[in-house]
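Quick one, fold the following:
(one chain, ligands or ions: 1)
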Amino acid sequence: MQMKLLQDRIRKDGKVEKGNILKVDSFLNHQIDAELLDEIGKEFHRQFADRGVSKILTIEASGIAIAIAAARYFRCPVVFAKKTKTLNIAGDVYTSKVDSFTHKTTNDIIVSKRFLNAGDRVLILDDFLANGKAIFGLSDLIRQAGAELVGAGVVIEKGFQEGGKKIREMGVDLRSLAIVDSMDPETGVVFRDEE
Ligand code: 5GP
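Below you'll find the predicted structure:
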């Protein structure tokens, strides 16, 4: 279910940039509105409260604040995957590859084996969903750990890119707090009509 408070804030303060980028850095991922983040965390908890979440997994940097806001409600730890260009640590980490949508680079992402375990019930959270690479990489780490992926939540899904369809086709219960179906630097954003 989408979140009206968030949609209103995106309409007011979001900036549509070239290259299908929506900038929300005045409230979500550079300057951060802590009260809005608290509401976002509460909403993710409302939507996934019955899943027995034991851990929230996200990716640095922008996912961390969101994951923490939610974890306060789930009362579980946050683990964030680290991005690295050189894989010099072997053995004690799970690794996957993620193409960055915003930076046009490929990162290895790593999580220490100490922090993801078989038996964990993991919720993935992130700020944006575009082509689905970040969520796919995180779900790969969960698979390697033998843990269970119980759902994925993103603050903003760009519904005109392929990620949402791909992740849902994998059978993941994906929830988005705002789904942008089109956006234009002149006319702004159009949200999906609620299902
Ligand atoms: P994906 O992996 O789904 O292709 O892209 C998601 C990742 O790229 C997110 O972690 C987010 O950091 C970044 N991203 C994708 N699209 C946007 C966007 O429109 N604006 C911002 N600020 N970040 C984005």
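
So in terms of bridging, what pairs with the residue nearest the centre of the chain?
Closest residue to the average C-alpha location of the chain: Asp126 at 1.4 Å, with CA atoms, centre = their mean. Here Asp126 shows beta-bridge partners Val154, assigned using DSSP bridges.

need the contact list for it.
Asp126 makes contacts with 58-59, 62-63, 66, 134-135, 138, 152-155, as judged by CB atoms under 8 Å, 6 or more residues apart in numbering. Just so you know, the C-beta spots here come from the backbone N, C-alpha and C atoms, and that holds for glycine as well.

now do Val24
Residues near Val24 by CB under 8 Å, 6+ apart: 10, 13-15, 127, 156.

which regions of the chain sit below the pLDDT cut-off?
Applying pLDDT under 70 to the chain flags residues 85-91, 195.

can you give me the strands in this structure?
Per DSSP state E, the chain carries strands over the ranges 15-17, 21-23, 55-59, 78-84, 93-99, 106-112, 121-129, 148-158, 174-184, 188-191.

any chance of those in JSON lines, with distance to the ligand too?
As requested, the strands of the chain are arranged in JSON lines below (distance: least, CB to the nearest ligand atom, whole Å):
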{"stretch": "strand 15-17", "distance to the ligand": "8"}
{"stretch": "strand 21-23", "distance to the ligand": "4"}
{"stretch": "strand 55-59", "distance to the ligand": "6"}
{"stretch": "strand 78-84", "distance to the ligand": "10"}
{"stretch": "strand 93-99", "distance to the ligand": "7"}
{"stretch": "strand 106-112", "distance to the ligand": "11"}
{"stretch": "strand 121-129", "distance to the ligand": "4"}
{"stretch": "strand 148-158", "distance to the ligand": "6"}
{"stretch": "strand 174-184", "distance to the ligand": "8"}
{"stretch": "strand 188-191", "distance to the ligand": "10"}
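
now those strands in a markdown table, with distance to Gln31?
Shown next, in a markdown table, are the strands of the chain (distance: least, CB to CB, whole Å):
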| stretch | distance to Gln31 |
| --- | --- |
| strand 15-17 | 13 |
| strand 21-23 | 11 |
| strand 55-59 | 19 |
| strand 78-84 | 20 |
| strand 93-99 | 25 |
| strand 106-112 | 24 |
| strand 121-129 | 14 |
| strand 148-158 | 15 |
| strand 174-184 | 18 |
| strand 188-191 | 19 |
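
wait, which of the ones you listed is closest to Leu36?
For Leu36, the closest of the strands of the chain is strand 148-158, at 9.7 Å, according to CB to CB.

got the contact list for Phe44?
Counted by CB under 8 Å, 6+ apart, Phe44 has contacts 70, 73, 123, 125, 153, 175, 177.

now do Lys113
Here Lys113 is in contact with 92-94, 145 (criterion: CB under 8 Å, 6+ apart).

Let's see that with 7 Å instead.
By CB atoms under 7 Å, 6 or more residues apart in numbering, the residues touching Lys113 are 92-94.
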